[in-house]
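> Mind looking at a prediction? Sequence and model below.
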Amino acid sequence: MKNRVFTLCLLVLIAAVVLFITGCPPVPNTLPTITKVSGPSGTISQSSSTFSWNGSDPDGTITKYEYRKDGGNWVSNGTSTSFTWSEYSEDSHTFEVMAQDNKGAYSNIISWSFEYSVGPVLLEQMIRVEGGTFMMGDTWGDGWSDELPVHEVTLAYDFEIGKYEVTFDDYDIFCEATGSSKPDDCGWGRGTRPVIYVSWRNAIAYCNWLSAKAQLPEAYDNDGKLLDGTGNVTTDITKVIGYRLPTEAEWEYAARGGTHNSTHKYSGSDDVENVAWYSANSGETTHEVGTKQPNELEIYDMSGNVGEFCSDWYGSYKGSPQTNPFGNSGIGLVNRGGDWFHSADHARISNRPLAYSQNYTSPHLGFRLCRTLESENAVPTITKVSGPSGTISQSSSTFSWNGNDPDGTITKYEYRKDGGSWVSNGTSTSYTWSGYTEDSHTFEVRAQDNEGAYSSTVSWSFVYDEGNQAPTITKVSGPSGTISQSSS
C-alpha cells in the first residue's frame, strides 16, 4: 500500500514539474466579429457613399480594419469604423471590410453591393397600372364639348407611368449628357420642380435617351412617330417597348385611379385644393412635385402644377367603344392635367387642352413618362411518360415525355446524355438511345417555346449491366388437366 501511495505522489510531482517547465496549455483565441451599420444598396445616383460598421473582440482588441473595393487589394483603414468612397464609375460595385485582432486573427468579411447610375433612378418612381375598361370623357356633365361623347375605352395591357412629373433634376442630367441647352426656370428654382419650357420634341428626345440608358428600344423616330420593339413605325401602342409619353387614354385612366374606377373630378379628390396647384393657390409659380395629395394609385400632380404632353394628336372623340386607342393624326398635340396658371376647370381629369405644334414651349407645360409593360412569358412544362430506371440489361432504351406551353408553342425539345451537349430532337416527344456502355447513365430532356424560354429539365437515371441477365426456365413435361395417377 505504501508503495502505491509513493508511486502516485511521484507521478503528481513529475506532472507538476513538467507543467512548471512547459507552462500552462494555450487558451484558444476567439476571432473578432464585425457587423454592418449603414451603406448603400440597390441602384443609387450619388457619386459618393459612406460605409460604417461595428467591430468586437471578446478576448482582445481590434488593431485595425481593412477594406477593399471591387475585389482589389486589401487596404488598412486603421481603427476607424467608417469609410467614404467617392468617384466610383457608373457600374456595379462591391465594398468589403474585415477586422484584425491583437493576435493577428481576422474576422468574417462583410460586404455591400450597389449600382451607381448618373441618370435618374426611376425604378421606384414608376407606378404599375393594370389594364382595364373605363368610361372616358366628361362623365360629370360640366365640361367642354371636346370632352364628349363619353365613350367606353379598354386598355388590354398593363403599363407604368411616372409617379411624378419629370423634374429639372431629371432633365438637367439629360442636358449635360447630350450637350442640350437647359430650359429656363423663370427664376423659380430647379431641383424637384417640374421641368418647364420644354417642347414635345424635347420630351420625346428625353424618352429616347432614357430608353438607351435602360437598354430598351427607342420609342420614337426622327419624325416623332412611334416605333415597335424592332424599330418599325407602328400605331399599336402595345408594341412600343421604350420610354414614351402616355396616350390620352392611358393618362385619363391612370388619373382616374385605374381599376379603382374613381369618380373624383380631380385626380385623387373632389376638392381641388387637396390635389392640385392651380391659379387660386399656386402664387403664380410651379411647386416641387409630390407636395399635394396623390390619387388612388399613389400618382402625384396629375391635376395641376404643369400640364403634361401626351403622345396623341388632338382629334374629336368617337362614340363607339375603343380598345387601346391612339390618335396618330390631328390639328395639334394634346396636353392634360391643368397647371399652376389656369383655373380649377383646367385641372379636371377630362379636360384636354391643345398644345399646338411639336416645338411649342410654355412655362405651363411639362411631361410625365410612360412605358408599355410586356406580358410575362409563361415557360413551357415537360413531364415524363416512360423510360428505364434502376439496373437494366437491355442495350437500347426508349424515353418518352409530354410537353405543354400555356401561352405559346413548343418549338423544339432538346436532350443530352450523361451531361454532354444539348442536341435538338425537333418536336418529337420520344427518343431511343442505343449502344450505351456498361455503367451508370443519365438522359435529360427540356423544351423551348416560341419566345426562346426553356422549361425545367426532366431526367432518367439507370445502370446498364449486360451480365445481369435474368434466369430463364421452360417446361419439358408434366401433367395437365384431370389425371388419376397418384404420382406425376
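Sure thing, it's come through.
> where in this protein is pLDDT low?
By pLDDT under 70, the weakly predicted segments of the chain are 1-27, 118-124, 468-472.
> All the helices of it, in order from the start?
Taking DSSP state H, the helices of the chain run over residues 2-22, 168-178, 200-213, 248-255, 272-275.
> how far off helix 200-213 does the second one point, in degrees?
Put plainly, it is helix 168-178. Using axes from the mean of the first three to the mean of the last three C-alpha atoms, to 10 degrees, the inter-axis angle of helix 168-178 relative to helix 200-213 is 70 degrees.
> mind listing what's buried in helix 168-178?
Phe168, Asp170, Tyr171, Asp172, Ile173, Phe174, Cys175 (16 or more other C-beta atoms under 10 Å). Backbone N, C-alpha and C define where each C-beta goes, glycine included.
> wait, what's in contact with the closest residue to Tyr88 other than its chain neighbours?
Using C-beta to C-beta, 6 or more residues apart in numbering and skipping residues adjacent in sequence, the residue nearest Tyr88 is Tyr116, 5.6 Å away. Neighbour list for Tyr116: Thr43, Ile44, Ser45, Gln46, Ser47, Tyr88, Ser89, Glu90, Asp91, His93 [criterion: C-beta atoms under 8 Å, 6 or more residues apart in numbering].
> hmm, 6 Å instead?
Counting by C-beta atoms under 6 Å, 6 or more residues apart in numbering, Tyr116 touches Ile44, Tyr88, Glu90.
> before we move on, back to that, for the buried residues of helix 168-178, which one is nearest Tyr253?
Tyr253 has its nearest neighbour among those in Asp170, at 23.7 Å by C-beta to C-beta.
> Mind jotting down where the strands sit in the stretch 151-300 of the chain?
Applying DSSP state E, counting those that start in this stretch to the stretch 151-300 of the chain gives strands spanning 151-155, 159-162.
> which residue packs closest to Asn261, ignoring adjacent ones?
Phe134 is the one closest to Asn261 (C-beta to C-beta, 6+ apart), at 6.4 Å.
> what does Trp74 give?
Nearest non-adjacent residue to Trp74 (C-beta to C-beta, 6+ apart): Glu66, at 4.4 Å.
> Isn't that neighbour up against Gly72?
No: in this structure Glu66 lies outside contact range of Gly72 using C-beta atoms under 6 Å: 11.5 Å.
> Looking at those two, which one has more neighbours?
Glu66 (18 against 10; other C-beta atoms under 10 Å).
> From His260, how far off is the residue nearest to Pro353 when sequence neighbours are not counted?
Nearest non-adjacent residue to Pro353, counting by C-beta to C-beta, 6+ apart: Asn335, 5.4 Å away. Going from Asn335 to His260 by C-beta to C-beta, to the nearest Å gives 24 Å.
> between these two, who's got more neighbours?
Between Asn335 and His260, counted using other C-beta under 10 Å, Asn335 has the larger neighbour count: 29 against 12.
> residues near Ala86, how many?
Small correction: residue 86 is Ser, not Ala. The tally of other residues near Ser86 (other C-beta under 10 Å) stands at 9.
> Oops, could you answer that again for Ser80 instead?
12.
> contacting residues around it?
Counting by C-beta under 6 Å, 6+ apart, Ser80 has no contacts.
> rerun at 8 Å
Contacts of Ser80 by C-beta under 8 Å, 6+ apart are Tyr65.
> What spatial separation is found between it and Gly131?
Counting by C-beta to C-beta, the gap from Ser80 to Gly131 is 53 Å.
> How about Glu252?
The value you get for Glu252 to Gly131, if C-beta to C-beta is used, is 14 Å.
> and the two? which has more neighbours close in?
The neighbour comparison of Glu252 against Gly131 (other C-beta under 10 Å) goes to Glu252, with 25 against 18.
> Leaving out the residues flanking it, which one is nearest to that one?
That would be Met136: by C-beta to C-beta, 6+ apart, it lies 5.6 Å from Glu252.
> quick revisit: how far away is the residue nearest to Tyr88 from Thr94?
In terms of C-beta to C-beta, Tyr116 sits 12 Å off from Thr94.
> ok, now Gly72?
10 Å.
> Also Gly304?
44 Å.
> the more surrounded of those two?
Gly304 (29 against 13).
> Contact partners for the nearest residue to that one once chain neighbours are set aside?
The shortest distance from Gly304 to any non-neighbouring residue, by C-beta to C-beta, 6+ apart, is to Ala276 (2.9 Å). By C-beta under 8 Å, 6+ apart, the contact list for Ala276 reads Tyr266, Ser267, Lys292, Asp301, Ser303, Gly304, Asn305, Gly338, Ala344, Ala347.
> again, but for Ser48
With C-beta under 8 Å, 6+ apart, Ser48 has these contacts: Thr84, Trp85, Ser86, Glu87.
> Tell me the one of those nearest Tyr413?
Distances from Tyr413 to those, taken by C-beta to C-beta, are shortest for Trp85, at 49.5 Å.
> For Glu248, give its distance to Pro28.
Glu248 is 73 Å from Pro28, by C-beta to C-beta.
> from the strands of the stretch 151-300 of the chain, which stretch is densest packed?
strand 159-162 (a mean of 23; mean count of other C-beta atoms under 10 Å).
> Residues in contact with that one: which ones?
Contacts for strand 159-162 (C-beta under 8 Å, 6+ apart): 122, 125-129, 131, 246, 250-251, 254, 299, 368-373.
> Tell me which of those fall in strands.
Met126, Ile127, Arg128, Val129, Cys370, Arg371, Thr372 (DSSP state E).
> Among the residues you listed, which one is most surrounded by other residues?
Busiest of the ones in strands among the contacts of strand 159-162 [other C-beta under 10 Å] is Cys370, holding 25 neighbours.
> Spit out the contact partners of that residue.
Contacts of Cys370 by C-beta under 8 Å, 6+ apart are Phe159, Glu160, Ile161, Gly162, Tyr243, Arg244, Leu245, Pro246, Thr247, Glu250, Trp251, Ser311.
> switch the cut-off to 10 Å
126, 129, 159-162, 207, 219, 237, 240, 243-247, 250-251, 254, 310-311 (C-beta atoms under 10 Å, 6 or more residues apart in numbering).
> likewise Asp271?
His264, Lys265, Gln293, Ala344.
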